[in-house]
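**Q** Generate a structure from the sequence data that follows.
(chains A and B)
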Amino acid sequence: MLLLTKTLQRLDSHSLSGRLTLASVILLPTILGLTAIILERSFNQSLQTSYRDQLELQTYVLMGAAEAGGGELWMPSILQEPRFTHPSSGLFGVISNPEGETLWQSPSSVGIKLPDTPKVTLDAPKLHGQLSNDWFYFTYEVIWQTEDGRETPFVFTTYETPELYQEEVSSFRWHLWSGLAVLALFLLSAQALILRWSLFPLRKIAEDLGSIEQGKADKLTGDYPLEIRRVTDNLNLLLENERRQRQRYHDTLADLAHSLKTPLAVLRNQVDERQDRELNEPVERMDQIISHQLNRATQQSAHQLLKPVSVKHCLERIGKALCKVYQDTDPVFHISGDNAQFKGDERDLMEVLGNLLDNAFKYGNGQVEVSLEDSASQLVINIDDNGPGISSNLSDAILSRGTRADSLQPGQGIGLSVVKDILGAYKGQLSIHSNRWNGARFQITLPH
Amino acid sequence: MRVLLVEDEQHLQQQLNEQLKKQGFVIDCASDGEEGQYFADSWPYDLGIIDLGLPGMSGLELITHIREAKQEFPILILTARSNWQDKVEGLEAGADDYLTKPFHMEELLARVNALLRRAAGHASTLMKFGPISLDTRSQQVLRDGTPVELTAYEYATLEYLLHHCGKVISKTELTEHIYEQDYDRDSNVIEVFITRLRKKLDPDGTLQPISTVRGRGYRITLEPG
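**A** Numbering: from 1, shown residues only, chains lettered A, B, ... in the order given. Sure, this is the predicted structure:
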């Protein structure tokens, strides 16, 4: 019993379908089983009654065929009921006197010892039932008045062996149980379908939540059944509040970044003017922190705008802008390769490409080339410049986490850490190689 | 050179004002987009320094307005948000360079000078016109390699003329570009500068770097290079 409750408890916590299925798996066979048993019993009972009635009739048949006179009883050799004649037919008849002497036996009982039946009494002249060997019997004592006025008692008894009865019982039992088994299967499958249909709203909620996570939807929109509606309404309220909070947080941080940067610029200029080395480092550090950390925090974490962005278009815009800025070096900017689509925030892509292209223009020697390789699994963007290239030591320093900006060229550190962060958010990678001009190749890999 | 500075943060505005004045620029300061627009519409400028994050009318809108009014002076954007989307938009709207806050003052000055040179068609910091060279970085003038001593206004005048080499510059134009707004201007002062420049640059009179176009103004006769 304890084991059963423990099992039930465990299943309870796992699934609603589990609970419902378990309940029906226990209940259904029980109900069907009980039904079968009740049906079988009533059938048996009515069958028995019918067999007994049959025997009674047969007894009357014997009585009808008998002729009595002068203390003698005479029976025809062939009776109406053929089973009385056929040997081992299973139906036997006996006529005897109250003392138990057999006066006549049906031809069917040749060679068979007929068992004794209970004695009739005055109160119960008719007796019927089943003997210990399962034979049915019917015995009837009658007193006939013969022509000469004598009253002679006779006892008519019929027997039936149970084979036929048992066959009928078996057949019924087989039909009943197989029929109920089919019914059980049908009910179980119907139940499974009903379960799926009933629990469908829950699956719909799970799907809708998935859409929200992916940024395709803002709230749960759907016609949910009454019982779930409270949950969905509350959930929508929660989502709305959370979104507003996130927006507030984002705006506050953006404002904070903006308002801190300008006084910091003033501070920095003062420090520069006074050539104060000691103050320079903390000021520099503050600058790094503000630029880096707040930049990260203000990036929209939920990629709500998943409209695909044309990578080539972004590259063209940034390239054109940088060609303008660096026009003194007479730059040559070229884009080649497939036009890929970037599924993410356009600002993030601009940030990554902007920083890397800026470096390429700044440290290059006038030539910047971008090549795109798009495949089913990933997008590779190569940014090549014809500058002095990057030594492997510096490469490692740049690519490893937590590199401080002052160990790199000024301005390069912050930009690259932002690039790394953004790429990380999209599960992308940044790697450094050399190119055919022996300059630097910055390679971005973005999985689809 | 006349510079339009549009920056809402007062401290920074003051600092920039001071530093640029020291370099010999004439500065007009505006604290928001509307004021900047008013200045841009009223005065001719050689350069603009505009902060993107302005209250009210944004820096981007101001730049668009300036370009739509066919003003072609170079514009340097200042931005606190080192957001590439904003930088690219600013450059697309008509700016020529950007600088992220906080910045070193030297970097700002270098960029300003670079933009001015570029606008005049010169790629390097040293602008050569035959025997005369102008080093915009050190603010020195050289005659055959020897530095020439000039006062601030003399330098400013020569600088402007050289940046617009070949063009006739009126006295009024010169006045507008090298003097503060409310300075008591006397056009004769320009004549004095020109005379002094001629004497200092061309003591033996063989070069004649600056020619007078009667009734119209002055012109540099030297060719760049």
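
**Q** Could I get the pLDDT score of B:Gln13?
**A** For B:Gln13, the pLDDT comes out at 92.

**Q** any idea how far B:Leu20 is from it?
**A** As judged by CB to CB, to the nearest Å, B:Gln13 and B:Leu20 stand 11 Å apart. Heads up, the C-betas are built off the backbone N, CA and C, glycines and all.

**Q** joint contacts of these two?
**A** Listed as contacting both B:Gln13 and B:Leu20 by CB atoms under 8 Å, 6 or more residues apart in numbering or on different chains are B:Leu5.

**Q** Look at the closest residue to A:Ile290 other than its chain neighbours and say how many residues are nearby.
**A** In space, A:Ile290 comes closest to A:Leu260 once its chain neighbours are excluded; the distance is 5.4 Å by CB to CB, 6 or more residues apart in numbering or on different chains. Using other CB atoms under 10 Å in any protein chain shown, A:Leu260 is surrounded by 18 other residues.

**Q** from what I can see A:Leu260 touches A:Ser291, true?
**A** No. Applying CB atoms under 8 Å, one finds A:Leu260 not in contact with A:Ser291, separated by 10.0 Å.

**Q** quick revisit: tell me the average confidence for the one helix or strand the residue nearest to A:Ile290 maps to?
**A** A:Leu260 is located in helix A:226-274, with elements delineated by DSSP states H and E. For helix A:226-274, mean pLDDT rounds to 81.

**Q** and what of stretch A:153-162?
**A** 88.

**Q** can you list the residues that contact it?
**A** A:51, A:54-55, A:58-59, A:62-63, A:66, A:68, A:73, A:90-98, A:103, A:109, A:114-115, A:117, A:120, A:130, A:134-144.

**Q** From these, which land in strands?
**A** Among the contacts of stretch A:153-162, the members found in strands (DSSP state E) are A:68, A:73, A:91-96, A:103, A:130, A:136-144.

**Q** can you tell me the residue of the stretch 301-448 of chain A closest to chain B?
**A** A:Gly354 (3.0 Å; CB to the nearest CB).

**Q** how near is that residue to A:Asn393?
**A** Distance, A:Gly354 to A:Asn393, by CB to CB: 26 Å.

**Q** Then A:Leu399?
**A** For A:Leu399, the distance to A:Asn393 (CB to CB) stands at 11 Å.

**Q** again with B:Ile132
**A** Distance of B:Ile132 to A:Asn393, computed by CB to CB: 47 Å.

**Q** of the two, who's got more company?
**A** Neighbour totals were compared for B:Ile132 and A:Asn393, and B:Ile132 leads with 20 against 8 (other CB under 10 Å).

**Q** Per-residue pLDDT of the more buried one, please?
**A** Looking at B:Ile132, its pLDDT is 89.

**Q** Return the set of residues that bridge with it.
**A** B:Phe129, B:Arg143 (DSSP bridges).

**Q** I figured it was touching B:Gln140, is that so?
**A** No. With contacts counted by CB under 8 Å, B:Ile132 stays clear of B:Gln140, the gap being 11.3 Å.

**Q** Report the contact partners of the closest residue to chain A within chain B.
**A** The nearest approach of chain B to chain A comes at B:Trp84, 3.0 Å away (CB to the nearest CB). By CB under 8 Å, 6+ apart, the residues touching B:Trp84 are A:318, A:347, A:350-351, A:353-355.

**Q** quick one: the helices in the chain?
**A** You didn't say which chain, so I picked chain A. Secondary structure of chain A (DSSP state H): helices at A:2-14, A:16-65, A:82-85, A:163-213, A:226-274, A:277-289, A:295-298, A:311-325, A:346-363, A:392-399, A:412-425.

**Q** if you could check chain B rather than the one you did, that'd help
**A** For chain B, the helices defined by DSSP H cover B:10-22, B:33-42, B:59-68, B:84-93, B:105-120, B:152-163, B:171-178, B:187-201.

**Q** what would the ones you listed look like in CSV with distance to A:Thr21?
**A** Formatted as CSV, the helices of chain B follow (distance: least, CB to CB, whole Å):
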stretch, distance to A:Thr21
helix B:10-22, 71
helix B:33-42, 69
helix B:59-68, 63
helix B:84-93, 54
helix B:105-120, 73
helix B:152-163, 88
helix B:171-178, 89
helix B:187-201, 100
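
**Q** wait, which of those is closest to A:Phe200?
**A** Checking the helices of chain B against A:Phe200 by CB to CB gives helix B:84-93 as the closest, at 43.5 Å.

**Q** Please compute how far that closest one lies from its chain's middle.
**A** Centre-to-centre, helix B:84-93 and its host chain are 23 Å apart (CA atoms, centre = their mean, to the nearest Å).

**Q** What values do phi and psi take at the residue in chain A sticking out farthest from the centre?
**A** Largest separation from the mean C-alpha position in chain A: A:Asp148, at 91.6 Å (CA atoms, centre = their mean). Note on A:Asp148: its backbone torsions stand at phi -80, psi 10 [degrees, to the nearest 10].

**Q** what angle sits between the helix holding A:Leu260 and helix B:10-22?
**A** 30 degrees (axes from the mean of the first three to the mean of the last three CA atoms, to 10 degrees).

**Q** packing partners for helix A:226-274?
**A** The helices and strands touching helix A:226-274, judged by 3 or more CB pairs under 8 Å, 6 or more residues apart in numbering or on different chains; DSSP states H and E, are helix A:163-213, helix A:277-289, helix A:295-298, helix B:10-22, helix B:105-120.

**Q** how about low-confidence regions in chain B?
**A** The model of chain B has pLDDT under 70 over residues B:81-82, B:123, B:181-185, B:187.

**Q** Spell out which parts of it neighbour chain A.
**A** B:9, B:11-12, B:15, B:19, B:53, B:80-85, B:87-88, B:91-92, B:96-98, B:101-106, B:114, B:118, B:123-124 (CB under 8 Å from any CB of the partner chain).

**Q** Buried ones among those residues?
**A** Taking 16 or more other CB atoms under 10 Å in any protein chain shown as the criterion, what is buried in these is B:9, B:12, B:15, B:19, B:53, B:80-85, B:87-88, B:91, B:96-98, B:101-103, B:105, B:114.

**Q** Would you list the phi and psi of the closest residue to A:Leu235 other than its chain neighbours?
**A** With CB to CB, 6+ apart as the criterion, A:Leu235 has its nearest non-adjacent residue at 5.9 Å, and that residue is A:Leu220. Torsion angles at A:Leu220 (phi, psi; degrees, to the nearest 10) stand at phi -80, psi 110.

**Q** can you count the residues close to A:Leu220?
**A** A:Leu220: 19 neighbours (other CB under 10 Å).

**Q** is it true that it touches A:Ala206?
**A** No. Using CB under 8 Å, A:Leu220 is not in contact with A:Ala206, being 10.7 Å away.

**Q** Can you tell me, leaving aside adjacent residues, what's nearest to the residue of the stretch 301-448 of chain A closest to chain B?
**A** B:Trp84 (3.0 Å).

**Q** ok, now B:Ser31?
**A** B:Asp8 (5.3 Å).

**Q** what sits against the one you found?
**A** Contacts of B:Asp8 (CB under 8 Å, 6+ apart): B:31-32, B:51, B:53-55.
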